[in-house]
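Engineer: Model the structure of this input:
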Amino acid sequence: EEDFLGTIERGLGVFEEAAARARSSGLISGRDAFDLHTSLGFPRDLTVQLAQERGLGVDSEEYERLWAEFVRVSGQGRKSHAQVAVDLGGFARTDDSPKYQGESAEATVLGWVLGDEVVRRGRLEPGAQAAVLLDRTPFYAEQGGQVGDVGTLSGAGGVFEVHATERKGDWVLHFGEVSEGFIEAGGKVRAEVDPSRIDTMRNHTATHLLNWALRRTLGDHVEQKGSLVDPDRLRFDFSHEKPVGPDEIARIERLVNEKIRADLPVSATVMPLAEAKRIDGVRAVFGEKYPDPVRVVAIGTEDPRRQAGPEISVEFCGGTHLRHTGQAGLFKIVSEESVSKGVRRLTALTGRAAVAHVQDLDANIRRISQALSAPAAEAPRRIAQLQEEIKSLKKKLASGGGASDPVAAATRLLAEATDLGSGKLIVGEIPN
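Structural biologist: Residues are numbered from 1 along each chain as shown. As a prediction, this is how the structure comes out:
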């Protein structure tokens with residue numbers, strides 16, 4: 001109750017600011033309502049109710065658009081292809097151990113699921129969409145926060161493009177369509193995972209390092225609350241009562257990048273669950289059910305049973321990982337936000353995506369530096385000066401300074417304007 005009331009108290013101040021901005025239009029923006037909800041935990045219904053009490057509305061269309069994008073990026077609400085209402089008991093269990101051995105494997109097509117029908121013979125013709133079952137596969141099926149692999153199944157008759165890979169019980173389903181020729185039940189195919197899988201592996205290994213660095217920086221109270229790992233980025237949700245500050249972000253990045261530069265070994269060991277739980281510092285997701293035996297991924301040692309401790313990351317994990325941390329290249333945190341009360345979220349990039357992000361930041365800093373006619377290191381101080389100058393101008397204008405002589409007012413604004421090289425930027429209002 002105290003936490004909720006505290007949330008409401010914090011949100012009321014921000015709501016009043018949003019309501020003040022909405023007085024001219026009579027409508028609180030969807031962005032303001034969205035930010036109140038996602039950043040401060042302020043219920044949308046309460047925003048609508050308070051707005052109505054003040055004779056205002058809420059831009060629901062904009063809110064819904066922002067919320068839909070938030071859900072998409074968060075990976076929530078994703079419909080699973082694997083929720084197919086069919087019985088796959090007539091097929092042998094899929095052997096997916098090749099996913100840890102490489103990115104390709106020879107396999108046999110056992111059949112496929114077409115709508116709500118299980119097919120064990122015949123062909124899939126060009127353009128046909130289905131979920132193909134193989135006797136063995138190197139494809140990783142979406143699980144544990146890691147997205148499923150994409151790639152191709154190539155046989156003598158044609159090519160099947162795999163758009164998603166998901167698990168249903170003991171079977172792995174390869175969702176996609178025939179792009180060339182045909183795919184035949186009983187036929188041999190070469191299953192090849194798309195090269196983007198290495199980027200997913202970079203992000204997954206970096207997620208384990210991030211989990212370790214968070215505890216080193218914020219404390220042992222940090223517990224994983226969720227994650228999403230795909231080729232583009234990694235997202236990690238964890239328990240923490242307040243925002244992670246800039247200095248803490250910098251330390252977390254430094255710790256992770258130090259482990260990457262050290263090019264540490266990344267090992268995977270299958271062992272009895274009871275034995276794995278006794279490893280010093282082992283981490284597991286609270287509430288998650290793990291198989292017995294369990295796969296243990298360790299960073300910094302070849303065998304966590306012989307070597308473990310605070311400097312080594314050890315987690316229960318069935319995902320695909322790098323062989324050495326140096327393959328991650330670079331780690332860069334790009335956002336920090338609230339998910340819910342007591343849960344924060346970090347989004348980060350690795351490898352090529354991290355390099356591209358840093359290059360974009362550098363380019364923006366260069367443009368800012370050029371606009372300010374100041375070195376990049378001086379940009380924050382120069383921007384602060386400009387903000388103070390703008391405040392001063394607003395005060396002069398509010399008090400009527402220069403109202404009797406518009407030409408003099410314009411001259412002062414020009415004198416205090418920002419030099420852009422080829423021109424000047426004038427911020428202010430000339431009275432009368």
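
Engineer: Any idea what V294 is bridged to?
Structural biologist: M271 (DSSP bridges).

Engineer: Can you tell me how far it is from E311?
Structural biologist: From V294 over to E311 the distance is 22 Å, taken as C-beta to C-beta, to the nearest Å. Glycine gets a C-beta too; all of them are placed from N, C-alpha and C.

Engineer: higher neighbour count, those two?
Structural biologist: V294 (20 against 14; other C-beta atoms under 10 Å).

Engineer: Cross-check the contact I'm expecting between that one and L273.
Structural biologist: Yes - the criterion here is C-beta atoms under 8 Å, and V294 meets it with L273 at 4.8 Å.

Engineer: in the strand or helix carrying L133, what counts as buried?
Structural biologist: Using DSSP states H and E, L133 sits in strand 129-134. Neighbour counts using 16 or more other C-beta atoms under 10 Å place 130-134 of strand 129-134 among the buried residues.

Engineer: Pairing partners for that strand, with directions?
Structural biologist: Assessed with DSSP bridges, strand 129-134 is paired to strand 104-114 (antiparallel), strand 171-181 (antiparallel).

Engineer: quick one: the strands in the stretch 1-150 of the chain?
Structural biologist: Listed in chain order, the strands of the stretch 1-150 of the chain (DSSP state E, counting those that start in this stretch) span 27-28, 57-58, 104-114, 117-119, 123-124, 129-134.

Engineer: Let me know the average pLDDT across the third one.
Structural biologist: The pLDDT scores in strand 104-114 average 95.

Engineer: contacts for it?
Structural biologist: Here strand 104-114 makes contact (C-beta atoms under 8 Å, 6 or more residues apart in numbering) with 84, 86, 88, 91-92, 98, 118-121, 124, 128, 130-138, 153, 155, 173, 183-193.

Engineer: pull the CA atoms of it into PDB?
Structural biologist: Only the C-alpha atoms of strand 104-114 are listed here, as PDB (Å, rounded to 0.1, in the frame of the first residue of the first chain):
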ATOM      1  CA  SER A 104      24.500 -27.200 -40.200                       C
ATOM      2  CA  ALA A 105      23.500 -30.900 -40.200                       C
ATOM      3  CA  GLU A 106      22.200 -33.600 -42.500                       C
ATOM      4  CA  ALA A 107      18.600 -34.600 -41.700                       C
ATOM      5  CA  THR A 108      15.600 -36.500 -42.900                       C
ATOM      6  CA  VAL A 109      12.100 -34.900 -43.300                       C
ATOM      7  CA  LEU A 110       9.700 -36.900 -41.200                       C
ATOM      8  CA  GLY A 111       6.700 -34.800 -42.200                       C
ATOM      9  CA  TRP A 112       5.000 -31.500 -41.400                       C
ATOM     10  CA  VAL A 113       2.100 -29.800 -39.800                       C
ATOM     11  CA  LEU A 114      -0.300 -28.000 -42.200                       C
END
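
Engineer: would you turn the buried residues of strand 129-134 into a markdown table with pLDDT and distance to D237?
Structural biologist: Shown next, in a markdown table, are the buried residues of strand 129-134 (pLDDT from 0 to 100; distance: C-beta to C-beta, whole Å):
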| residue | pLDDT | distance to D237 |
| --- | --- | --- |
| A130 | 93 | 34 |
| A131 | 94 | 30 |
| V132 | 96 | 33 |
| L133 | 96 | 33 |
| L134 | 97 | 33 |
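
Engineer: In JSON lines: those residues, plus distance to E389.
Structural biologist: Shown next, in JSON lines, are the buried residues of strand 129-134 (distance: C-beta to C-beta, whole Å):
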{"residue": "A130", "distance to E389": "65"}
{"residue": "A131", "distance to E389": "63"}
{"residue": "V132", "distance to E389": "66"}
{"residue": "L133", "distance to E389": "68"}
{"residue": "L134", "distance to E389": "68"}
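
Engineer: ok, so of these, who is nearest R305?
Structural biologist: L134 (33.9 Å; C-beta to C-beta).

Engineer: Could I get the contacting residues of the closest residue in space to S60 that isn't next to it in sequence?
Structural biologist: Spatial nearest neighbour of S60, excluding adjacent residues (C-beta to C-beta, 6 or more residues apart in numbering): G30 at 6.8 Å. By C-beta under 8 Å, 6+ apart, the residues touching G30 are 58-66.
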